[in-house]
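**Q** Sequence and predicted structure, then a few things I'm wondering about:
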Amino acid sequence: VTPTGFLLPQQHALIHYSCLIQEFGALNGLCSSITKSRHITIVKQPWRCSNRFNALGQMLLTNQCLDKLGLAQVDFVARGML
């Protein structure tokens, strides 16, 4: 829903989802439990870390920092530093 009303193209796209899932299966073999766990990691935890003012910017920055820390850990392990 937008201030001007409903977004009909997006609603229309929902009609095709069930047919496409039945025909091709879930994307990359994903199930709802994986999607839920990723949502918790990517959205809920950074939301809890934010101060709720300009939360989206804080959440994006938190995710960016966590990605960099994860890559640094992989690099350190590969170099034998951890």
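**A** In hand now; what should we look at?
**Q** which secondary structure elements does the longest helix anywhere in the chain contact?
**A** Scanning the chain for the longest helix, with DSSP state H as the assignment, gives helix 55-78. For helix 55-78, the packing partners by 3 or more Cβ pairs under 8 Å, 6 or more residues apart in numbering; DSSP states H and E come out as helix 45-49. All C-beta spots, glycine's among them, are computed from the backbone N, C-alpha and C.
**Q** low pLDDT regions in the chain?
**A** Applying pLDDT under 70 to the chain flags residues 1-3, 5-10, 26-32, 34.
**Q** make it 80
**A** Applying pLDDT under 80 to the chain flags residues 1-14, 16-18, 20-21, 24-36.
**Q** coming back round to it: from the chain's centre, how far out does the longest helix of the chain sit?
**A** 14 Å (Cα atoms, centre = their mean, to the nearest Å).
**Q** List the buried residues in that helix.
**A** 58, 59, 62 (16 or more other Cβ atoms under 10 Å).
**Q** Could you export those residues as JSON lines, including distance to residue 75?
**A** Formatted as JSON lines, the buried residues of helix 55-78 follow (distance: Cβ to Cβ, whole Å):
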{"residue": "58", "distance to residue 75": "26"}
{"residue": "59", "distance to residue 75": "25"}
{"residue": "62", "distance to residue 75": "21"}
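**Q** Just the closest of those residues to residue 69, please.
**A** Nearest to residue 69 among the buried residues of helix 55-78, counting by Cβ to Cβ, is residue 62 at 10.7 Å.
**Q** which residues sit in contact with the residue nearest to that closest one when sequence neighbours are not counted?
**A** Computed as Cβ to Cβ, 6 or more residues apart in numbering, the closest residue to residue 62 that is not its neighbour in sequence is residue 46, at 4.0 Å. By Cβ atoms under 8 Å, 6 or more residues apart in numbering, the contact list for residue 46 reads 58, 59, 62, 63.
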